[in-house]
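1. build me a model:
(chains A, B, C and D)
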Amino acid sequence: MAYNLKETSLKPERLTGGHRMCAGCGAPVVARSVLRALKPEDKAVITSATGCLEVSTFIYPYTAWKDSFIHSAFENSAVTCAGVEAAYVNMKKTGQLDDTYKFIAFGGDGGTYDIGIQSLSGAMERGHDMVYVCYDNGAYMNTGIQRSSATPKYADTTTSPAGKVVPGKQQYRKDLTAVMVAHNLPYIAQTAPIGNFKDIYEKAEKAIYTEGPAFLNVLAPCPRGWRYDTPKLIEMAQLAVDTCFWPLYEVENGVYKLTYKPKNKRPISDWLEAQGRFRHMAKDAEKVEELQQEVDRRWDLLLAMCGEK
Amino acid sequence: MTDKDKCIVEPFTPWQETTKGGVVTSSGNAHYYETGGWRADKPEWDTEKCRQCLMCFPVCPDSSILTEDKKMIGIDYDHCKGCGVCANVCPFHAINMVKA
Amino acid sequence: MNNVVEIRWHGRGGQGAKTASLLLAEAAFDTGKYIQGFPEYGPERMGAPITAYNRISDERVTVHSNIYDPDYVIVVDETLIDVVDVTAGLKKEGAILINTEKTPEELRPRLKGYEGRVCTIDARKISMETLGKYFPNTPMLGAIIKIAKIMDENTFITSMEKSFKHKFASKPQVIEPNMAAVKRALEEVRG
Amino acid sequence: MAIRDKLSGNEAVAVAMRQINPGVVAAFPITPSTEVPQYFSSFVNNGQVDTEFVPVESEHSAMSACIGASAAGVRAMTATSANGLALMWEMLYIAASCRLPIVMATVNRALSGPINIHNDHADSMGARDSGWIQIYGENNQEAYDNEIMAVKISEHKDVLLPVMNCYDGFITSHAIENIELLEDDVVKNFVGAYKPEHYLLNPNQPIAVGPLDLPNYYFEHKRNQVEGMRKAKDVILEVSKEFEKLTGRSYGLFEEYKMDEAERVVVVIGSTAGTAKAVVDELRAKGEKVGLIKVRVFRPFPAEEVAKALANCKAVAIMDKCDGFNGKGAPLFNEVCSALYFDETKPLAVNYIYGLGGRDVRVDDIEKVFSDLTEIVASGKVDDPYRYLGVVDANC
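-> The predicted model follows:
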């Protein structure tokens, strides 16, 4: 059935209000969008890495999750989920359970790109039937905006401050989606919460209902870390997509497919200038040009992979 | 004080009465925790201007756009933190942020 | 502790001294004994000298140290006697058994003045002639049973037959040659 | 009918795990525990168990997967040693604080560095305050028996804590010895079906595990957790009693060996107890009043019981197979001395740190300890209570 936003509003909400994420945070928007792709009759177990999403949605004695949920530590959301999934396989095999469950692990870019990459790689390689969702807000926001390997070059963070000598982070961001492609998973996608949420919904649905391990990398703007006004959440994601900083694509059994091609590719400066974390360099033509070239290089590569060139 | 059905254990409950390992056995009970008090600006829904496109519904971080039968029916002020994302995406200016 | 027989094995990594010590433990176990079989672990790889141990007793042995004053020493590879102090701590009333084509008299001068009994067995010859391959463990086992009198020979033979029948259930043709190797070892051990 | 067999400690524990047939086993190889998942994976691949075996990429993930599986609602088990245990450190505390009844064979090995694969107790002693129950076995039989009992102890509703089944690397794990096994259905009946009260995969009641726990709750949760540890003492005795009915093998919180009127006593953990028993036998045969206490349960520590057992002896040597690095005494010594503090009559006490990194413990080492105790009793004082046994020392 073709995607219809209004139809999806009929599904039960699986992440309730009453959690304590910041006003205007992108992460719960990503989480509830992914969960909306679950069939209402299916049950789920959700895991989360330590991070904003976890410490704000499950503060004793309140859980915002309507499904069973487990958090154990920072670097192991993937394998904690894999442990639950293994238990499910055993319970099914031994006739202890009739219901259908789906398994979704969440982690921020810190818990996914960095400290959690070993556990993620292991769980994906072993082929557990689960979805790992990275909500990438481009820094360790939970501990106070420290740089991660997902942080864009030149971003001002509390451990890559824009100083008098060193103007913010000195490295380009790691392309984790590409790293996950190298795991030869049945389904991998990069998406963002934009427009009528068709892209994120359809990818979440495919990820959840493709047998075997799947990985979603989802851009999740952070008003505090990126330094923009809270109402602009969706605008920020849209700009990242339209500048091709964050292309939307999927890789199904190794086959790349671009799922969104901006009609007018916007210059990276549009995205940089909208955020306080780039204020120190957004007018520096040389640096902006350098970033533009890197965005173009990666975009061209992707177009080639997707057979768009 | 403690509501066992909702697994709402009051702060400073004797250790004998807390749940072992901090397990919470009432899923989604954060619903009973109100975050409406966080709000500085308040979204107001203009039913005249609303064309029921539902673009506001998925963008809310606090699941506070109330819907029924594919239609918006209101805003959950118990949980809305007043971020203004809904107002910003509305193509018809049917949600306006006002001082709370 | 008086009825405990303590045995030390010297072999080379990959040569099967550890397996032989376990086989001896198994054979003794099958005749109702209490056994210990354990190697001395290290980072040694193929070819390096290794040591393994057995304790065999009528009661459970609780001592869990290595063996320093063995009743018997078994040397799986003759070349080791010039490299390792194989008779260290070996009781005079005991014996050393060496796998070699040489006679006990030929080897005694290389044993640093050890005064006890020196025995030899040509496990290679027996193995080649009965099994057609070099598996020294089975003849070595027969030889040590003969020397150490850990158990009655007939009980040992019956036990080995049972064990081979179980172990080689899928290739019964090798049971007879293995039994032949055991019996020849009982006969041919020298010294 | 018991099954007479000959197995190494690791093989025996793997057999116990097969008989328990847990829902999930997640493990990463590390010497000397590696054989446990090796044997077990062959049981899995030969269809002898229903278990999902998860060959994880690290010990941290092994414990994490066990936490997920246990919370999900099945029995979860693993095995590790030394650095593997160290890599699990964070998850050990989380498993215990989530009150998850995970059972882990902990094959004791010296902790790096320098790297050393041989036996001592530095690994599990370092984790003694992680909230896990710790049971130590002397030989393959005890490793097997403890693995089976651990399941019932950990899952008891008054306890709900994970259990380390500790036994000595190589000495116990790799040596073949006689053993009496239980029949499969006897073990199955003994451990029973696993029925957790709350679990993630309960279709009738979704739950949430592992919250952010703020200052208005955390302390009470910790106090609740320690109650599980306190109650574990009675539960261990209860389960051991039930096990004795099946096997005739009697287990307590510790073993008192020839303690009747014993004046000089060695307190020790693990395989060294066996070697020490042989020395006690030898000295008793000469009419000497010597005895031995082998600590089986180190967590919870049976403080009152140990103090009572030692109340009437004259001198006690407490032997630690790891150092404490507080500069004054190692873990077992500190525990025993604390236990004795509240008693009016207490023996003279001396600590021996011994056997580090697999330094072999010989009969004459234990004989030396008893002869030192004779001197202590004669002089009525302990000049140097912190001693090293078997270390090469230029001043001695």
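2. do stretch A:36-44 and chain D come into contact?
-> Yes. Using C-beta under 8 Å from any C-beta of the partner chain, we find that stretch A:36-44 touches chain D at A:Lys43. C-betas here are computed from N, CA, C, even on glycine.
3. how close does the residue in the stretch 201-309 of chain A that chain C sits nearest to sit to D:Leu181?
-> Taking C-beta to the nearest C-beta as the measure, the point where the stretch 201-309 of chain A comes nearest chain C is A:Pro213, at 37.1 Å. In this structure, A:Pro213 lies at 39 Å from D:Leu181, with C-beta to C-beta, to the nearest Å as the measure.
4. of these two, who's got more company?
-> Remark: of A:Pro213 and D:Leu181, A:Pro213 carries more neighbours, 28 against 20, as counted by other C-beta atoms under 10 Å in any protein chain shown.
5. re earlier: return the backbone torsion pair for the residue of the stretch 201-309 of chain A closest to chain C.
-> Summarising the backbone geometry of A:Pro213 under the convention degrees, to the nearest 10, its torsions are phi -80, psi 140.
6. return the residues in contact with it.
-> The neighbours of A:Pro213, taking C-beta atoms under 8 Å, 6 or more residues apart in numbering or on different chains as the test, are A:123-124, A:126-132, A:183, A:185-186.
7. got the contact list for residue 77?
-> The chain I'm using is chain A. A:47-49, A:71, A:105-107, A:111-112, A:116, A:119-120, A:132.
8. not quite, go with chain B.
-> In this structure, B:Tyr77 makes contact with B:36, B:39, B:42, B:64, judged by C-beta under 8 Å, 6+ apart.
9. strands - which of those residues land there?
-> Judged by DSSP state E, strands contain the following of the contacts of B:Tyr77: B:Lys42.
10. can you pick the most crowded of the contacts of B:Tyr77?
-> Ranked by the number of neighbours (other C-beta under 10 Å), the contacts of B:Tyr77 place B:Ser64 first, at 25 neighbours.
11. shouldn't that one be in contact with B:Asp76?
-> Yes. Taking contacts as C-beta atoms under 8 Å, B:Ser64 lies within contact range of B:Asp76: 4.1 Å.
12. name the residues contacting each of these two.
-> Joint contacts of B:Ser64 and B:Asp76 (C-beta under 8 Å, 6+ apart) are A:Gly17.
13. point me to the residue of the stretch 201-309 of chain A nearest chain B.
-> Taking C-beta to the nearest C-beta, chain B has its nearest neighbour within the stretch 201-309 of chain A at A:Pro231, 3.6 Å off.
14. coming back round to it: reformat the contacts of A:Pro213 as JSON lines; add neighbour count and secondary structure.
-> Written out in JSON lines, the entries for the contacts of A:Pro213 read as follows (neighbours: other C-beta atoms under 10 Å in any protein chain shown; DSSP: H, G, I helix; E, B strand; the rest coil):
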{"residue": "A:Ala123", "neighbour count": "31", "secondary structure": "helix"}
{"residue": "A:Met124", "neighbour count": "22", "secondary structure": "helix"}
{"residue": "A:Arg126", "neighbour count": "19", "secondary structure": "helix"}
{"residue": "A:Gly127", "neighbour count": "14", "secondary structure": "coil"}
{"residue": "A:His128", "neighbour count": "27", "secondary structure": "coil"}
{"residue": "A:Asp129", "neighbour count": "18", "secondary structure": "coil"}
{"residue": "A:Met130", "neighbour count": "25", "secondary structure": "coil"}
{"residue": "A:Val131", "neighbour count": "26", "secondary structure": "strand"}
{"residue": "A:Tyr132", "neighbour count": "31", "secondary structure": "strand"}
{"residue": "A:His183", "neighbour count": "15", "secondary structure": "coil"}
{"residue": "A:Leu185", "neighbour count": "22", "secondary structure": "coil"}
{"residue": "A:Pro186", "neighbour count": "18", "secondary structure": "coil"}
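15. what is the neighbour count of the spatially closest residue to D:Pro162 that is not a sequence neighbour?
-> The spatial neighbour of D:Pro162 that comes closest, neighbours along the chain excluded (C-beta to C-beta, 6 or more residues apart in numbering or on different chains), is D:Ile102 at 4.2 Å. Other residues within reach of D:Ile102, judged by other C-beta under 10 Å, total 29.
16. then A:Gln171?
-> Burial measure for A:Gln171: 12 neighbouring residues, criterion other C-beta under 10 Å.
17. list the contacts of it.
-> The neighbourhood of A:Gln171, defined by C-beta under 8 Å, 6+ apart, consists of A:149, A:153.
18. return the residues in contact with the nearest residue to D:Leu111 once chain neighbours are set aside.
-> Leaving aside its sequence neighbours, D:Leu111 sits nearest to D:Ala122 (C-beta to C-beta, 6+ apart; 4.1 Å). D:Ala122 makes contact with D:82, D:110-111, D:322-323, D:356, according to C-beta under 8 Å, 6+ apart.
19. next: A:Gly83.
-> Counting by C-beta under 8 Å, 6+ apart, the residues that A:Gly83 touches are D:24, D:26, D:54, D:64-70, D:72, D:76.
20. again, but for D:Cys337
-> D:Cys337 makes contacts with D:318, D:329, D:349, as judged by C-beta under 8 Å, 6+ apart.
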